[in-house]
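1. Here's my sequence, what's the structure:
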Amino acid sequence: MLSAAGSMLEPRELVFASDNPHKLREISRLFPGFRVLAPRELGIRFSYAEEGRSYLENALGKAYALLDKSPAGKAVLADDSGLSVSALNGEPGIHSARYGAAERGRKLTDLERIQVLLSRMEGVERRACRFICCMVMVLEQERFVIVQEAVSGQLALEPAGSGGFGYDPVFYLPELGRTCAQLSDEEKDRISHRGKAARRLLALLGLA
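-> This next block holds a predicted model:
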């Protein structure tokens, strides 16, 4: 049974503030029982300049920018995620998706961003890092829920694995002996920053 907070989610549809196919597939898995819609499926042309100073600013801004374009009554979900490397004072952080772009004058591919990161960490032994995810669900203009979660790991010396996306091939989990890109979808969803954030958000809404 839905709680009062969750009653805004009937029918169980979410408009997700991204057309990234990798993120859409992951979010669809993390919100079972929901139909997760990309903006383009509703005929919405959506883009958002992530110029905030924190994951929260970016996620909240993204959510409300999409809410303004979405049909009335539809809940909106947005996230801002990144990789924080301790030895680089938290880089790439909120700039994870645009890492290295300024130097090369264009947006880089996932593999190119990884190569930039590994080159900056060459010879560095202290390789602690964290994946961070801030997730925002806006139910209506003045009702929203925010969560932020993280998972700790080590930056691998080289990429390994073909699954996942982003920095997954170099995010090594010592307790599992594998990178995130070497995990099954089920394993990744259980331990990932985005998986933890989704479960906490659903619990706060009384839907877990």
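2. Now the residue of the chain positioned farthest from its centre: which helix or strand?
-> For the chain, the largest distance from the centre (Cα atoms, centre = their mean) belongs to Gly123, which lies 28.9 Å off. Using DSSP states H and E, Gly123 is not contained in any helix or strand.
3. and what of Arg200?
-> Using DSSP H and E, Arg200 falls in helix 193-204.
4. what's that helix packed up against?
-> For helix 193-204, the elements it packs on are helix 21-30, strand 75-85, strand 128-140, strand 143-155, judged by 3 or more Cβ pairs under 8 Å, 6 or more residues apart in numbering; DSSP states H and E. For every residue, glycine as well, the C-beta is placed using N, CA and C.
5. which residues are contacting the least confident helix or strand in the chain by mean pLDDT?
-> Taking mean pLDDT, DSSP states H and E as the measure, the helix or strand of the chain with the lowest value is helix 101-104, at a mean of 88. With contact meaning Cβ atoms under 8 Å, 6 or more residues apart in numbering, helix 101-104 is reached by 107-108, 112, 116.
6. which of the residues in it are buried?
-> For helix 101-104, a neighbour-count test (16 or more other Cβ atoms under 10 Å) marks nothing as buried.
7. quick one: the residue farthest from the centre of the chain from Asn89, how far?
-> Computed with Cβ to Cβ, to the nearest Å, the distance linking Gly123 and Asn89 is 17 Å.
8. For Arg12, give its distance to Leu202.
-> For Arg12, the distance to Leu202 equals 11 Å [Cβ to Cβ].
9. So for the two, which sits in the more crowded spot?
-> Leu202 (20 against 15; other Cβ atoms under 10 Å).
10. Going through the contacts of helix 101-104, which ones are buried?
-> Buried among the contacts of helix 101-104 (16+ other Cβ under 10 Å): 108, 116.
11. where in this protein is pLDDT low?
-> 1-11 (pLDDT under 70).
12. Could you rerun that using 50?
-> 1-4, 6 (pLDDT under 50).
13. Leaving out the residues flanking it, which one is nearest to the residue most central in space within it?
-> Nearest to the centroid of the C-alpha atoms of the chain, with distances taken as Cα atoms, centre = their mean, sits Ser81, at 4.0 Å. Residue nearest to Ser81 in three dimensions, not counting chain neighbours: Cys133, with 4.3 Å by Cβ to Cβ, 6 or more residues apart in numbering.
14. Who is that neighbour paired with across the strands?
-> With DSSP bridges as the criterion, Cys133 is bridged to Ser81, Glu149.
15. Test my guess that it contacts Arg200.
-> No: in this structure Cys133 lies outside contact range of Arg200 using Cβ atoms under 8 Å: 10.2 Å.
16. rewinding a little: show me the contacts of helix 101-104 that map onto strands.
-> In strands, judged by DSSP state E, none of the contacts of helix 101-104 are found.
17. Which member of the contacts of helix 101-104 is positioned nearest Leu60?
-> Distance to Leu60 across the contacts of helix 101-104 (Cβ to Cβ) is lowest for Lys107, with 23.2 Å.
18. And the closest one, how far from Gln115?
-> Distance from Lys107 to Gln115, by Cβ to Cβ: 14 Å.
19. With Ala75 instead?
-> Going from Ala75 to Gln115 by Cβ to Cβ gives 38 Å.
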